[in-house]
Every structure is written in C-alpha cells, then in structure tokens.
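K.L.:
Predicted structure and sequence below. I'll ask about it afterward.
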Amino acid sequence: MIDWLIKSAMLSSIALLLVVFCRQFIRRRWGAQSAYWFWALVPLSVLAYLFRDSSQVVTHSQLIQGWLGHPTIPTYASPVFVQSAHIQWLTGCWLLGSGLMLAYQIGRWRAFNNQLKQHRQDVKLNTALLATFDGLSRRPAVYASNRITTPFVTGLWRAAIYLPHDFTDRYSAEEQRMILTHEVMHLRRKDLYVQLLAEGFRVVYWCNPLVHIFWNEFIQDQEIACDGSVVQSLNQTEKNHYASALRNVAVAQLLPHSLTFLNHKYVRYEMLKYHDVELNHPLKGGLLLALSALFFLGSTQWVFAEANPADRGPLVSYEFNATPAKDIVQLIALSVPGEETLVNLDVLEGVVVDAKAEEVHAFDFLKRLLQDHGIRFERQGLEWVFAKI
C-alpha cells in the first residue's frame, strides 16, 4: 500500500505542478471553465497509476504463516505486499495522519455548523431575489447571522445560503441579486460536491505539501468558473452590477466547506472582461482535458518504468514444497526459449526450497528466491551465473 501511495503522490504532484503552471494561460486562451476542468488531471493521474498493468511491479516476497504446524512459506507475488516492520510503520503513520486530518476537518466543520445554528434567523426574500432559485430541484434555506461578514453557500444534502445580518443595508438591490445568483450557481454546478472530493484528496495525500500550497489556486479557479457561468446569462447592465458587487464587497472570511461570493475578488474582477460564451463551452474544456491527459500520461511513463518484461522472463505461477533449488532453476530454464548455459550451479547443492509464485516474472522470482537463500543470480546473455553472496 505504501508503495502505491508514494508513487501515486509523485505522479499527482507532477500533474499538480503542470496544472498550476498552465492554468492562467488556459484561462485566458480557452476560458475559465477549461482551466477549472484542467484540475481533473490531478485525480486522473492517480487513477491511471491505480489501473496500470500489475505485471510491471517488481517481485518481492511476503511470508505467509503456515497452517496446522506447517512451516512458514515465502510467497512471491505481484503486486508487492512486503510485510516488514519498516513498511508497516510507514503505512501506519500515513493512515494515522489521514485519520487525524479527517477528524480535524470534520470537527472544524461541525463546530462551525453548530455556531451557525445558534446564531441565525430565517430570511424572507422578495420576489426578485426568489427568482434566482428558479430551476433548482430543491430550494435552499436562507439565513442571516451576525457572526459572519460574507454571504456563502454550504451543505451537501440540505443546502443553505447564509447572509450577513446587514446584507440588505450593505448592498444595493441589484448587488443582492447578483450575489445570490452567484451562490445559487454553485448549487447548479454541484461545486460543493467537487470541493468535498478535493478535500478527500487532501486527506489521503496529507503529507504532500503541494496539495495544501495550491489549495487556494483550485478554489480561485472554481470561483472564476462560477463567475463565467453566471456572466453568460447576464446582459451588459447586469454585468456592470455584478462587477460593482465584486468591487464593493469586503474581504471574504475563511469558512470550512463553503463557497462564498467574496473569495479572490480582485482576480475575479479582472477576469470579468475575459468571460465569453464561446470560450467557456464545456465541450472545449473536456477536449482540452482529454488531450492533456493523454499527453501527460504518455510523457510520464518513464517516471515509473520498470525493466523490459522480456528481460524479466515470462509470467509464471509455481508452488514448491521441499524442492531442490537446482530443479527449480532447470524448470525455469525450460520455460524460456534458447539454450541456456548454467554456470557454477554447484553452489545450489543442498539448497531446498518451500515457496510459492503467483503471476510473477520468472527471472525476478528466481533472483529474489535465491537471494533469500544467500545466492546471487545474474543473466549474461545465454549464461546464467550463480554465486554465493
């Protein structure tokens, strides 16, 4: 497990750096939606590694406890499950860190949610503001609170929009409508669900500093993409009111698992003039993501490339019980084409093996098996050379 976590973290880090490096260019060239879609390259890189060919994993051994008094049998298998104290310790640390971060995130959200429930009042909206909810399958609750300074939307199953207690005094009628339109757009786009998945990614890869360093960049692109979705449906007068709302609002609070109109307002204000219906078409974002994913995954194969399978022998499955090592060597030699010359085979004299092999490359299996018995095995062309370690 730890092997997969480390390598997938490396691969996702490469994808993350690529996204952060390209996001502004993509946003200006192909639109905010495309830049937002591009973040999917990070989890896709992990999935690609997860579903790679398992036969590419280098063979290691694990010890399987015998049954009814039988001796312990070393089993050689791919993918790797190395049962050592070192690996178990690392895996335990990783799981502990993920558990602590998950507990912290849940605790922070519950404390915030409980505080909101204790200091909120129902809000009755006028007809113009209620019209922003048109088309939603379930209308969100709307509350006012004197504990917050910024409007935001929260809640996965029971969505709620929270407004500052002086919301109607602070903003004009048109600004109020634009702010609510933005928060409702987050619900239409299911942005809270995407944010939850991204938080889950941070929990799993908690020890990778990049997922925390670039968290704000992800939220910024999510907000700008939401702006693009809103602006597409506005006329020029409404766009001016939207820009006015962004320009006049205060700085946003940091709120757990919520999306607020005021996040990254300066960058978003500058981006308003770049939002375009054609550039933000989701098909272009999907096409860009697909092409980028193919290029990225193809160009990073070398990062985790293993030895050429042809140099590692055919895939084999064996089970040996008190079998002489010399017989095992000769059996594997018969499984490969060509006339092999076995050099210094006498060092295997007296070595008896109890072992099991499950879908592993033959030469990897033999090398590891003999190494565990103090014997080095090397292939030099058609010569197989054996020596004591």
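P.N.:
Received, thanks.

K.L.:
Report whether P337 is found in a helix, as I expect.
P.N.:
No. Assigned with DSSP: H, G, I helix; E, B strand; the rest coil, P337 falls outside any helix and is coil.

K.L.:
Ramachandran angles for it?
P.N.:
phi -70, psi 160 (degrees, to the nearest 10).

K.L.:
wait, isn't E383 in contact with V343?
P.N.:
Yes. The criterion here is Cβ atoms under 8 Å, and E383 meets it with V343 at 5.5 Å. Where C-beta positions appear, they are placed from N, C-alpha and C, glycine not excepted.

K.L.:
Mind checking which of the two has more residues around it?
P.N.:
V343 (14 against 11; other Cβ atoms under 10 Å).

K.L.:
Can you check the pLDDT for the closest residue to the more buried one other than its chain neighbours?
P.N.:
What sits nearest to V343 in space, not counting adjacent residues and going by Cβ to Cβ, 6 or more residues apart in numbering, is V385, at 4.6 Å. Reading off the confidence values, V385 has pLDDT 90.

K.L.:
mind listing what's buried in the host helix or strand of V385?
P.N.:
Taking DSSP states H and E as the criterion, V385 maps to strand 383-388. With burial defined by 16 or more other Cβ atoms under 10 Å, the residues of strand 383-388 counted as buried are 384, 386.

K.L.:
So what touches that strand?
P.N.:
329, 333, 340-345, 347-348, 370, 374-379 (Cβ atoms under 8 Å, 6 or more residues apart in numbering).

K.L.:
redo that, cut-off 6 Å
P.N.:
By Cβ atoms under 6 Å, 6 or more residues apart in numbering, the residues outside strand 383-388 that reach it are 340-344, 347, 375-378.

K.L.:
Turn the residues you listed into CSV, columns for distance to S34 and pLDDT.
P.N.:
Listed next are these as CSV, based on distance: Cβ to Cβ, whole Å; pLDDT from 0 to 100:
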residue, distance to S34, pLDDT
E340, 56, 78
T341, 60, 85
L342, 60, 87
V343, 60, 87
N344, 62, 88
V347, 62, 89
I375, 57, 90
R376, 54, 90
F377, 53, 90
E378, 52, 89
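
K.L.:
List only buried entries from the residues you listed.
P.N.:
340, 347, 375, 377.

K.L.:
ok now do R312, which residues does it touch?
P.N.:
Contacts of R312 by Cβ under 6 Å, 6+ apart are 361, 363-364.

K.L.:
Could you list which of the residues you listed belong to helices?
P.N.:
363-364 (DSSP state H).

K.L.:
looking at the contacts of R312, which has the most residues close by?
P.N.:
Busiest of the contacts of R312 [other Cβ under 10 Å] is H361, holding 26 neighbours.

K.L.:
And the pLDDT at the residue nearest to that one when sequence neighbours are not counted?
P.N.:
Nearest non-adjacent residue to H361, counting by Cβ to Cβ, 6+ apart: R312, 3.8 Å away. pLDDT recorded at R312 is 74.

K.L.:
Also I64?
P.N.:
The score at I64 is 39. That number is its pLDDT.

K.L.:
before we move on, what about V277?
P.N.:
44.

K.L.:
R138: which of the contacts of strand 383-388 is nearest?
P.N.:
R138 has its nearest neighbour among those in F377, at 65.9 Å by Cβ to Cβ.

K.L.:
quick one on the thing from earlier: could you redo the buried ones among the contacts of strand 383-388 as JSON lines and give each row secondary structure?
P.N.:
Shown next, in JSON lines, are the buried ones among the contacts of strand 383-388 (three-state DSSP):
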{"residue": "E340", "secondary structure": "coil"}
{"residue": "V347", "secondary structure": "helix"}
{"residue": "I375", "secondary structure": "strand"}
{"residue": "F377", "secondary structure": "strand"}
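
K.L.:
closest to K117 among the residues you listed?
P.N.:
Looking across the buried ones among the contacts of strand 383-388 and measuring by Cβ to Cβ, the closest to K117 is F377, at 67.6 Å.

K.L.:
all strands for this structure, in order.
P.N.:
Under the criterion DSSP state E, the chain contains strands at 60-64, 73-77, 121-122, 141-145, 152-154, 160-164, 258-260, 315-324, 341-343, 352-361, 375-380, 383-388.

K.L.:
Would you tell me which one of those strands is buried the most?
P.N.:
strand 258-260 (a mean of 25; mean count of other Cβ atoms under 10 Å).

K.L.:
Averaged pLDDT, that strand. What do you get?
P.N.:
Mean predicted lDDT for strand 258-260 stands at 59.

K.L.:
Please apply the same query to stretch 163-174.
P.N.:
The pLDDT scores in stretch 163-174 average 87.

K.L.:
neighbours of L334, just the number please.
P.N.:
L334 has 8 nearby residues by other Cβ under 10 Å.

K.L.:
Model confidence for the residue sitting furthest away from the middle of the chain, exactly?
P.N.:
Distance from the C-alpha centroid of the chain, by Cα atoms, centre = their mean, peaks at D346 (51.3 Å). If you check D346, the pLDDT there is 88.
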